[in-house]
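Undergrad: Give me coordinates for this.
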Amino acid sequence: MLLNHRELRVFLSIARAGSINAAAELIGMTQPALSRSLRRLEASLGAALFQRHAGGMTLTSFGHAVKRHGERVEFETSRLIEEIRMLNGAASGFVRVGLVPSAVNTLLEPTLAAVNRIAPEIQVQVIEGAGDTMLSAVASGQVDFAIIGDIAIDFAPDVVVTPIGDEEVCVAARTLHPIFSKDHLALEDLTTYRWVLPEKGNAIWFGFDNLFRRNGLEPPTPVVATNSVHTLKTIVCGEDYLTMMTRVIFEQEEKNGLVCPIPLPVTHWRRELMLARRNRAYSLPAEKLFLAELIRQAQKTDVSL
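TA: The predicted model follows:
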């Protein structure tokens, strides 16, 4: 059985919008037309893809499976169109890159500069997020490849993950934090303060959890969780919170005397940076060029401070 691509497009629009009415406005089709298209798709699959309720529509387990497939078809179709246009000389290359925040300054910026000198016509889309989110983006085809921290989760079968570098991670606080006035600091003391951390799924969170558990301590519960680096640094600079993050993230704040690592050796560690990409037989020229330059930058760049 072949799926109708137009019906898949309608289905994805409804899944993203949360209702038929919202999807109709989004893609410029009438509500009855969308309803008919969805009914045909559900009938051909023999399964209900949405649960209807007063607040809108949510995906069933069947719907989630179709959404994963539909998104992959959508991205691969866009790749095919891009490749044909490139072969016709009608378009510039396009690269989709996912990464964790700490890789922006150390790897992304020098790679962009180098690629721009070689091929200024290449366009780059950057998606930033936690490691598990970036792995999902690689698996679904939302990004061509991603730079992530080493995290203890299962990879998708067709995702290849290889080491590309490492960077220092440490516990830090603003320089006025009372923890710096303690004469004999121990790891247990860190459990008595407020913490702000990235959300679960980030390699930093796994490192934080492991730091305390391997030393026989229950990890403190973070008061604030955020995947925004700007928010995290703003909170740490303004209030007496502890945090754990890659040192390069607060490099400028440390130079300006605003934030300082905790002087406790056990709270300093190195995490491995990984390159995640799908195991595909071919890549577009723009993707090959960007990836080669990214690897070259990683090999010559000292990621640590």
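
Undergrad: State the distance from His64 to Val73.
TA: 15 Å (Cβ to Cβ, to the nearest Å). Every residue, glycine included, has its C-beta placed from N, CA and C.

Undergrad: Those two - which one has more neighbours?
TA: The neighbour comparison of His64 against Val73 (other Cβ atoms under 10 Å) goes to Val73, with 16 against 13.

Undergrad: Going by contacts, tell me the helices and strands next to the host helix or strand of the more buried one.
TA: Using DSSP states H and E, Val73 sits within helix 61-87. Helices and strands touching helix 61-87, by 3 or more Cβ pairs under 8 Å, 6 or more residues apart in numbering; DSSP states H and E, are helix 5-17, helix 31-45, helix 131-140.

Undergrad: Would you point to the one among these that's packed deepest?
TA: helix 131-140 (a mean of 22; mean count of other Cβ atoms under 10 Å).

Undergrad: next one: it to chain centre, how far?
TA: 6 Å (Cα atoms, centre = their mean, to the nearest Å).

Undergrad: hey, C-alpha coordinates of the helix or strand that that helix is followed by in CSV?
TA: Per DSSP H and E, the first helix or strand lying C-terminal to helix 131-140 is strand 145-149. Provided in CSV are the C-alpha atoms of strand 145-149 (Å, rounded to 0.1, in the frame of the first residue of the first chain):
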residue,chain,number,x,y,z
PHE,A,145,24.2,16.0,11.9
ALA,A,146,24.6,17.2,15.4
ILE,A,147,27.3,17.9,18.0
ILE,A,148,26.2,16.6,21.4
GLY,A,149,27.6,15.7,24.8
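
Undergrad: what pairs with strand 145-149, and is each one parallel or antiparallel?
TA: Taking DSSP bridges as the criterion, strand 145-149 forms sheet pairs with strand 94-99 (parallel), strand 268-278 (antiparallel).

Undergrad: Can you lay out the ones you listed as a markdown table showing mean pLDDT, mean neighbour count and distance to Gly46?
TA: Output for the strands paired with strand 145-149, formatted as a markdown table (pLDDT from 0 to 100; neighbours: other Cβ atoms under 10 Å; distance: least, Cβ to Cβ, whole Å):
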| stretch | mean pLDDT | mean neighbour count | distance to Gly46 |
| --- | --- | --- | --- |
| strand 94-99 | 88 | 23 | 34 |
| strand 268-278 | 88 | 19 | 30 |
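
Undergrad: Can you lay out these as a markdown table showing distance to Asn227?
TA: Formatted as a markdown table, the strands paired with strand 145-149 follow (distance: least, Cβ to Cβ, whole Å):
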| stretch | distance to Asn227 |
| --- | --- |
| strand 94-99 | 13 |
| strand 268-278 | 16 |
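
Undergrad: Looking at the ones you listed, which is nearest to Val138?
TA: Proximity to Val138, assessed across these by Cβ to Cβ, is greatest for strand 268-278 (4.8 Å).
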